[in-house]
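Colleague: Predicted coordinates and the sequence they were generated for:
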Amino acid sequence: MSRAEHSTENEKVENAIVINNLKFSYQNTEILNIPSLKINKGEIVFLYGPSGTGKSTLLELVAGVLKNQFGSLSVCGESLDQKSLMELDRFRAENIGYIFQSFNLIPYLSVLENIELPFLFNKKYVDRTELMELIKNLGLTAYINRPVGQLSVGQQQRVAVARALIKKPKIILADEPTSALDYNHRENFLKILFNLCRVHETTVLFVSHDLTMEKLFDRSISLTDINQIRFENTESL
Ligand code: ADP
């Protein structure tokens, strides 16, 4: 008897992201045509592909920054297909932690102020004990009052991680956030991020054109394999 036939309700795998027949175009240019993709809750997934092949577009759809145009997209068990832009904003605020390539930090604000900023906008309460614990785990305690513009790239990256994790998102979406770091710093950064995510069963979808970090992930997916759109003049991997 297979493992599936033995499985009980408790063992049932929950899906963090489910895509069926998703299509997306900018103006009249089709960028994505993905027949199927499933990512399990708690999975740490590496999505790779050359520049310009739709990785950021896919992340923005999953984050609800872009509205789905065709097919179905469910994130954290909720269908995003019929949500308005305002509902997508609310969904993103409640469920998604987004780490951008440029970190999107405000250089003249301190580490603490940068991490707390999204809470000020959303008028939500930050648990100070949890915040200090997270800052400690990321090795940032000594810098909390320093403007982030005076920190190294590696330290700034950890501030961006703290800001994404403090709201306890169900999913972390990361858009090539390690490209500015050398190999050892990148590996270290990812290990810290993944350790924190495993504690809370946070799903990670990390996109990159650089395969060197692939081995650190639970699963890697080639966007070229799952997307039916072919691009000309992309750099080969
Ligand atoms: P990647 O993240 O893999 O580098 P992107 O998702 O950023 O790829 O872009 C995929 C394609 O869509 C590229 O050809 C890009 O020029 C195009 N594109 C991205 N954003 C827009 C936009 N806002 N309007 C029109 N075309 C866009």
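Modeller: Sure thing, it's come through.

Colleague: Share the number of residues neighbouring Leu165, please.
Modeller: 23 (other C-beta atoms under 10 Å). Every residue, glycine included, has its C-beta placed from N, CA and C.

Colleague: likewise Lys124?
Modeller: 11.

Colleague: Just to be sure, it is in a strand?
Modeller: No. Going by DSSP: H, G, I helix; E, B strand; the rest coil, the assignment for Lys124 is coil, not a strand.

Colleague: for the residue nearest to it when sequence neighbours are not counted, what are its contacts?
Modeller: Closest residue to Lys124 in three dimensions, ignoring its sequence neighbours and counting by C-beta to C-beta, 6 or more residues apart in numbering: Lys167, at 7.8 Å. Contact partners of Lys167, counting by C-beta atoms under 8 Å, 6 or more residues apart in numbering, are 93, 97, 118-119, 124.

Colleague: What subset of those is buried?
Modeller: 97, 118 (16 or more other C-beta atoms under 10 Å).

Colleague: Which one of the contacts of Lys167 is nearest to the ligand?
Modeller: Gly97 (18.5 Å; C-beta to the nearest ligand atom).

Colleague: returning to that earlier point: next, the residue nearest to Lys124: secondary structure please.
Modeller: Quick answer, by three-state DSSP: Lys167 is coil.

Colleague: where's it relative to Phe119, distance?
Modeller: 7 Å (C-beta to C-beta, to the nearest Å).

Colleague: The ligand contacts on this structure?
Modeller: Within the chain, the positions adjacent to the ligand are 26, 31, 49, 51-57 by C-beta under 6 Å from any ligand atom.

Colleague: Any buried residues in stretch 225-234, and which?
Modeller: 226-227, 229.

Colleague: roughly how far out does it sit from the chain middle?
Modeller: 22 Å (C-alpha atoms, centre = their mean, to the nearest Å).

Colleague: repeat for stretch 20-32
Modeller: On C-alpha atoms, centre = their mean, the centre of stretch 20-32 falls 21 Å from that of its chain.

Colleague: Just the residues contacting that stretch, thanks.
Modeller: 33-37, 54, 57-58, 61, 66, 68-73, 227, 229.

Colleague: What subset of these is buried?
Modeller: For those, buried by 16+ other C-beta under 10 Å: 33-34, 37, 54, 57-58, 61, 66, 68, 71, 73, 227, 229.

Colleague: nearest residue to Leu190 other than its sequence neighbours?
Modeller: Closest to Leu190 by C-beta to C-beta, 6+ apart is Leu216, at 5.2 Å.

Colleague: For the one you found, give its distance to Gln101.
Modeller: Applying C-beta to C-beta to Leu216 and Gln101 gives a distance of 18 Å.

Colleague: returning to what we had before: now render the buried ones among the contacts of stretch 20-32 as TSV, adding secondary structure and pLDDT.
Modeller: Converted to TSV, those look like this (DSSP: H, G, I helix; E, B strand; the rest coil; pLDDT from 0 to 100):
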residue	secondary structure	pLDDT
Asn33	strand	98
Ile34	strand	98
Leu37	strand	98
Gly54	coil	96
Thr57	helix	96
Leu58	helix	97
Leu61	helix	97
Leu66	coil	95
Asn68	coil	96
Gly71	strand	98
Leu73	strand	98
Asn227	coil	98
Ile229	coil	95
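
Colleague: helices or strands up against the lengthiest helix in the chain?
Modeller: The longest helix of the chain (DSSP state H) is helix 183-199. Here helix 183-199 touches strand 44-48, helix 128-137, helix 153-165, strand 171-175, strand 203-208, going by 3 or more C-beta pairs under 8 Å, 6 or more residues apart in numbering; DSSP states H and E.
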